[in-house]
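1. build the 3D model from these lines:
(one chain, ligands or ions: 1)
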Amino acid sequence: MKYETVAEAYRDLEQASGRLALIERLAALLTATPAELLPVVCYLCQGLIAPEFAGVDLGLAEKLAVRAVAAATGTAPDQVTASLRETGDLGQTAEQLLAVTAAGRRASLEVTAVVGTLRQIAGAEGAGSQGRKLDLLAELLARATPLEARYLLRHVTKGLRLGIGTPTILDALAQVYAGGRAARPVLERAYNICCDLGLVASALVKGGMTAVGQLRVRPGNPVRVMLAQRLSDGAEILAKLGGRCAAEYKYDGVRVQAHRTADGEMELFTRRLERVSTQFPDVVELLRAGLGPREAILEGEVVAFDPAAGELRPFQEVMFRRRKYGIAEAVRDVPVALFCFEMLYADGEDLTMLPYTERRARLAGAISQAPRLRLTTATEVDDPAALEAAFEQAVTDGCEGLVCKSVSPSAGYQAGARGWLWIKLKRDYRTELSDTVDLVVVGAFAGRGRRRGTYGAVLLAAYDAGADVFRTVTKCGTGFSDADLAALPPRLAPFQRPARPARVDARQDPDVWFEPGLVLEILSAELTLSPNYTAGWGQIKEDAGLAMRFPRFTGRYRDDKAPQDTTTTQELIDLYRIAQRTPAST
Ligand code: AMP
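-> Numbers count the residues shown, from 1 in each chain. Down below sits the predicted model:
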C-alpha cells in the first residue's frame, strides 16, 4: 500500500464538511487497506504511529525540519524559512517546493517504510541523534510526492491534527469489517479497555467480532476512565441509584491510573493517557511500598497534602507538580497523597465486571495504607439525611463534595462512560443556580479596543458523545485576566483551522475556528433556550438549543481534560430539566 493513498485520504478528510462524510472517506481508505496493515493505518487515521498512550514523540524541531526540506529540494534554508513565514505551515511550504523540484514524481513510498522511518526518527536518541533524524527525514522527502511531503512534515513537527474522533474511526471500521455501524458498541468497549485502536483492529481482522468481544483489560494498556453524571440533590441521587449508594469523598486533584506490569514496572497514566510516573516519583514509591498484587491496575486521586497538618490542599497546588523540570524540588515543596478508589485488575484477573462492593473489597485487600497512601473515605447510605451529612463532612474535610456510586450487583466498571452509576454532588452546584461546567473552545471573536490583538470572546461547545460531535452552548468573554487574554492566542494557535472543523456543530460564524482542544471551566448563572446555539438542539424545544446566561471563565484551564471529557450535551439537558423543577432562589 502506498503512503500516497493515506495522504490522499488526509487531504479529503481535511475538507470533509460533516461527520458522515468523514466516516465514508475513512471507510473507503480502510477498504483499500490490506488486512495486515489495518492496525498501522488505524494509527495513521488517529494522526499517530503507535497508540496514544505509548507517548511516541516525533517532535522534530521546526528548524531541523526546515533543513531537511532544504536538503531534499536543493533549496537554501533561508528560502525555506522565508516561504514558511508566508504559509505558516511547513507542510504547505514543502509541498510547494516539491511541486517545482519533484513535479511528475510517481508515488513510490510504501506505508510500511514510512511508518518504519517515522519510528526510527522518534527513537533516535543521544549524541548525533539530531543529525540522524534530519537525514532520515530528508531521505523520505527525497522520494515523496508533494502531497506526501505536506503530511510527512506536519506529522514530524507539530503532529497531525486531523480532527477525527476515535468513535468516528470505529464507525468506519464497523462499516467495513463488521457489517454495519450497529457493531460500534462492541468495538468501542474493546477500545475503551485497551486504548489501542491497532490492537482492536488486529483482533477484528484476525478473529472477527468474537475476538474483539474477548479482549480484556491488561496492565500496561490504560483503561479509559469511568466518569460521573451530576445531580444537585441527595434525595434525587438516591432515587437514581435505587435507594442505596456508596458515598465517597470527591478529592480535588489529578486522577491517575497506576499500572504495574509483570516485569515489576510501574506507570501512572492521567485520564488523558499521558505517562506521569516521572512527575510523581513519590506516588510510584508509595505504591511500590504499599501495593500487594504483583500485576495490578488501580485508580486514585493524587491530591496536594500537608503532612504536618494532615490536611488536603487545593487543586492549584497539585497542578504545580505537572512539570517537566525541577521535579525533585517540586516533590519537596508540594507533597501529595494518593487516595485510591478503584481496582480494575489484579494478578491475571479482570475485575471490571465485578460489582462495586467486590472491587472495593479487592482494593482494600491490595493496599497497605500509610499516611499518604489511603483509600477514599466511603460510607454506604440509604437515606437523604445521611447522604447530606456525608456531603457536609466531605466539604468540611477539604473535599469538593461526593461521588455517589451504585452498589447494585450488576454495576461493573464502565470504561469510558459517563453513566448514572456514578453521580457527583459538588459544592458549587449548591450555590443558587451557579454551576461550573467544562467546555471546549471551538471559535473566537476578535477583540476590539482594549482587547485588540487578542480575543474578545471565545465560542464554547459541549460534547455530544453519541454523535462524536461538539455542539456550541455559549460565547464567553468574562473572567479572563490580562495574563489569560495575552496567553489565549498562542495557546489556541495550534488548534486554528481555516474553516469550521467537521465535528463542530455551530450556527455562528466566529472570526477564527478551532479544532476542539482547549478546555475551560465555566461558571454560569443559568441555562436558557436559544436558536443560536446547537447543544441539545430540538431536544427540549423545537428549533432551539441550550445557551448559558452570564457565563464566566473561572480561571481554571482544564488541561487534564481531553475535549471529549468536557461536559456532555446530555448533562446540560439534565441540568436544564433539574433547574426547571427547582425554582431559583432569590
Ligand atoms: P469531574 O472531573 O468533575 O467530572 O469529576 C470526576 C473526577 O473526580 C474523577 O475523574 C476523579 O478525578 C475525581 N474524583 C475524586 N474523588 C473521587 C472518587 N472518590 N471516586 C471517583 N472519582 C473521584
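2. could you identify the longest helix within this protein?
-> Criterion DSSP state H: the longest helix present in the chain is helix 197-213.
3. pull out the buried positions in it.
-> 197, 198, 199, 200, 201, 202, 203, 204, 205, 209, 212 (16 or more other CB atoms under 10 Å). (Glycine included, C-beta is placed from N, CA and C.)
4. cool, stretch 249-262 as well?
-> Buried-residue list, stretch 249-262, by 16+ other CB under 10 Å: 249-261.
5. now the strands: where do they sit in the stretch 251-400 of the chain?
-> 254-260, 266-269, 296-306, 311-312, 336-346, 349-350, 373-375, 378-381 (DSSP state E, counting those that start in this stretch).
6. report the mean confidence score over the second one.
-> Taken as a whole, strand 266-269 has a mean pLDDT of 98.
7. packing partners of it?
-> strand 254-260, helix 281-290 (3 or more CB pairs under 8 Å, 6 or more residues apart in numbering; DSSP states H and E).
8. make CSV from the ones you listed and add mean pLDDT and distance to the ligand to it.
-> Shown next, in CSV, are the helices and strands packed on strand 266-269 (pLDDT from 0 to 100; distance: least, CB to the nearest ligand atom, whole Å):
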stretch, mean pLDDT, distance to the ligand
strand 254-260, 98, 3
helix 281-290, 98, 14
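9. least reliable of the strands of the stretch 251-400 of the chain going by mean pLDDT?
-> It's strand 311-312: among the strands of the stretch 251-400 of the chain, that one has the lowest mean pLDDT, namely a mean of 86.
10. give me the below-cutoff pLDDT ranges for the stretch 51-200 of the chain.
-> By pLDDT under 70, the stretch 51-200 of the chain has no low-scoring segment.
11. what ranges does it have for its helices?
-> 62-73, 77-87, 90-101, 111-123, 129-143, 146-156, 166-177, 184-194, 197-213 (DSSP state H, counting those that start in this stretch).
12. select, out of those, the one closest to residue 53.
-> Between residue 53 and the helices of the stretch 51-200 of the chain, the tightest spacing by CB to CB is seen for helix 184-194, at 9.3 Å.
13. quick one, the closest one and helix 197-213 angle?
-> In terms of direction (axes from the mean of the first three to the mean of the last three CA atoms, to 10 degrees), helix 184-194 departs from helix 197-213 by 120 degrees.
14. so for helix 184-194, what gets flagged as buried?
-> Applying 16+ other CB under 10 Å to helix 184-194 flags 184, 186, 187, 188, 189, 190, 191, 192, 193, 194 as buried.
15. how near is the last one to the ligand?
-> According to CB to the nearest ligand atom, to the nearest Å, residue 194 and the ligand sit 19 Å apart.
16. I'd say that residue and residue 220 touch.
-> No - Residue 194 lies out of contact with residue 220 (CB atoms under 8 Å); the separation is 9.4 Å.
17. helix or strand for the residue in the stretch 101-250 of the chain positioned nearest to the ligand, which one?
-> Residue of the stretch 101-250 of the chain nearest the ligand, by CB to the nearest ligand atom: residue 248 (3.6 Å). Using DSSP states H and E, residue 248 falls within strand 245-250.
18. hmm, who's touching that strand?
-> Defining contact as CB atoms under 8 Å, 6 or more residues apart in numbering, one finds that strand 245-250 is touched by 237-238, 339, 341, 356-357, 360, 376-382, 386-387, 390-391, 394, 397, 399-407, 423-426.
19. give me the sheet partners of that strand and which way each runs.
-> strand 378-381 (antiparallel), strand 401-406 (antiparallel) (DSSP bridges).
20. those strands: which one's closest to residue 13?
-> Of the strands paired with strand 245-250, nearest to residue 13 by CB to CB is strand 401-406, at 38.0 Å.
21. and for the residue lying closest to residue 108 once chain neighbours are set aside, the neighbour number?
-> With sequence-adjacent residues excluded and distances taken as CB to CB, 6 or more residues apart in numbering, residue 108 is closest to residue 143, at 5.8 Å. A total of 17 residues lie near residue 143 under the criterion other CB atoms under 10 Å.
22. what do you get for residue 417?
-> Residue 417: 17 neighbours (other CB under 10 Å).
23. so which of the buried residues of helix 184-194 comes closest to residue 93?
-> residue 191 (35.5 Å).
24. list the contacts of that closest one.
-> 166, 170, 197, 200, 224, 416.
25. okay, now residue 314: neighbour count?
-> Counted with other CB under 10 Å, residue 314 comes out at 12.
26. buried ones in stretch 347-358?
-> 349, 350, 351, 352, 354, 356.
27. quick one: the last one and residue 410 touch, right?
-> No - here residue 356 lies out of contact with residue 410, judged by CB under 8 Å, at a distance of 10.4 Å.
28. common neighbours of these two, please.
-> Counting by CB under 8 Å, 6+ apart, nothing touches both residue 356 and residue 410.
29. and of the buried residues of stretch 347-358, the nearest to residue 126?
-> For these, the nearest to residue 126 is residue 350 (39.0 Å; CB to CB).
30. which residue packs closest to that closest one, ignoring adjacent ones?
-> Closest to residue 350 by CB to CB, 6+ apart is residue 216, at 4.4 Å.
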